[in-house]
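Need coordinates for the following:
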Amino acid sequence: MTTHDFSDPRATEQRNQRTQRIDTASSLEIVDLMNAEDATVATTVRGTREQIARAIDLVVEAFRSGGRLIYVGAGTSGRLGVLDAAECPPTFSVPPTLVTGVIAGGYGALVKSVEGAEDDINAGMAAVDTAGVTKRDVLMGIAASGTTPYVRGALGRAQTIGASTIFFTCSTPPKVLAETCDVVINPVVGPEVLTGSTRLKSGTATKLVLNTLTTGAMIRMGKVYGNMMVDLMALSEKLRDRGQRIVMECAGVSREEARAAIDRAEGSVKLAIVMARRGVSAAEARRLLQAAGGFVRPVAGDPPAVQQRS
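Numbers count the residues shown, from 1 in each chain. Below is the predicted model of the structure:
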């Protein structure tokens, strides 16, 4: 039998020895195999903690100078970037332009695969221009395999413009990107349960990193009080209830008093907390918050400690 070299150097394309007989497994065995592989992801991501922290610092610096965070990816990587960006406005009351996601093939690729879109390096470059990237922005390229031409094109174009660049991959990063990107986040999660299916462990690692990046940046921007999402606008029934409960807990007031404070604050939970804790008007609470850079703790003191449930 002739031996041929069919190996691929990318970690995401290697075969997983532990799952090579998964096609003979029962449903419970499949669950156990996948769960065992998934359990390794968080530890691997932790190994990139310093790089993630540097990325958070870059994003905070961009936000404070009027810049944005732009994710660029293809397939699963692109979808996860768009998802993370879409969740920032309702969670942190930021404009939808502050964090944006760009996916190869356009928004139609969110729900249906657009074959070949990821191979167009020129389209990646053009997407950066269409997004209006400037030197104040941070562009994060997401490519689980590390070789997506669309992402490489976007990163190269962003660097030409002078934007800060972050590269995320679960394989060995190409030398040119490792040397030119400001931060490289590289959790090598190893071979997938199904060879090359990067929506699995690589996708989980991507979600963990993106969650940490935007949440960390928003915390650093004063969007939380303790561990509460206070910079929300109580504009839906669910958010009105959450906002009232937050104000009740933080200020020790009744639901009626919390509701009245939020109404006077025109829906701003953060403003209502300061009003209720300090006994001031909305205008004065706004002035105090602005002087504190938007952070609640310096204005309202420490939040109440978390009460242990019996």
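
Name the nearest residue to the most centrally placed residue in the chain, ignoring sequence neighbours.
Taking Cα atoms, centre = their mean, the centroid of the chain lies closest to Leu210, which sits 2.8 Å from it. Excluding the flanking residues, the one nearest Leu210 by Cβ to Cβ, 6 or more residues apart in numbering is Asp84, at 4.1 Å. Placement of C-beta: from N, CA and C, glycine included.

residues in contact with the one you found?
For Asp84, the contact set (Cβ atoms under 8 Å, 6 or more residues apart in numbering) comprises 71, 99, 101, 207, 210-211, 213-214.

ok, 10 Å please
Contacts for Asp84 were tallied using Cβ atoms under 10 Å, 6 or more residues apart in numbering; they are 69, 71, 99, 101, 140, 142, 206-207, 209-211, 213-215.

again with Gly141
Residues in contact with Gly141 (Cβ under 10 Å, 6+ apart) are 70-74, 77, 81, 102, 124, 148, 150-156, 158, 165-169, 177, 181, 184.

repeat for Val247
230, 234, 253, 255, 257-262, 265, 269-273, 275-277.

mind redoing it with 7 Å?
Contacts for Val247 (Cβ atoms under 7 Å, 6 or more residues apart in numbering) come out as 253, 258, 261-262, 269, 272-273, 276.

That one: helix or strand, and which one exactly?
helix 237-251 (DSSP states H and E).

What is the burial count for Gly81?
27 (other Cβ atoms under 10 Å).

How far off centre is the host helix or strand of it?
Taking DSSP H and E as the definition, Gly81 sits inside helix 75-92. Centroid displacement of helix 75-92 relative to its chain, using Cα atoms, centre = their mean, to the nearest Å, is 7 Å.

Tell me the buried residues in that helix?
By neighbour count on 16 or more other Cβ atoms under 10 Å, the buried set for helix 75-92 is 75-82, 84-85, 88, 91-92.

Alpha carbons only: can I get stretch 232-251 in PDB?
What follows is stretch 232-251 as a C-alpha-only set of coordinates in PDB (Å, rounded to 0.1, in the frame of the first residue of the first chain):
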ATOM      1  CA  LEU A 232     -29.200  49.600  31.200                       C
ATOM      2  CA  MET A 233     -32.300  51.500  30.000                       C
ATOM      3  CA  ALA A 234     -35.400  50.000  31.500                       C
ATOM      4  CA  LEU A 235     -37.500  50.100  28.300                       C
ATOM      5  CA  SER A 236     -39.000  46.600  28.200                       C
ATOM      6  CA  GLU A 237     -41.100  44.800  30.900                       C
ATOM      7  CA  LYS A 238     -38.200  42.400  31.700                       C
ATOM      8  CA  LEU A 239     -35.700  45.300  31.900                       C
ATOM      9  CA  ARG A 240     -38.100  47.500  33.900                       C
ATOM     10  CA  ASP A 241     -38.500  44.700  36.500                       C
ATOM     11  CA  ARG A 242     -34.700  44.100  36.600                       C
ATOM     12  CA  GLY A 243     -34.000  47.800  36.900                       C
ATOM     13  CA  GLN A 244     -36.400  48.200  39.700                       C
ATOM     14  CA  ARG A 245     -34.900  45.300  41.600                       C
ATOM     15  CA  ILE A 246     -31.400  46.700  41.100                       C
ATOM     16  CA  VAL A 247     -32.400  50.100  42.500                       C
ATOM     17  CA  MET A 248     -34.300  48.500  45.400                       C
ATOM     18  CA  GLU A 249     -31.300  46.500  46.400                       C
ATOM     19  CA  CYS A 250     -28.700  49.200  45.800                       C
ATOM     20  CA  ALA A 251     -30.600  52.000  47.600                       C
END
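
in this structure, what spans have low per-residue confidence?
Applying pLDDT under 70 to the chain flags the ranges 1-8, 234, 310.
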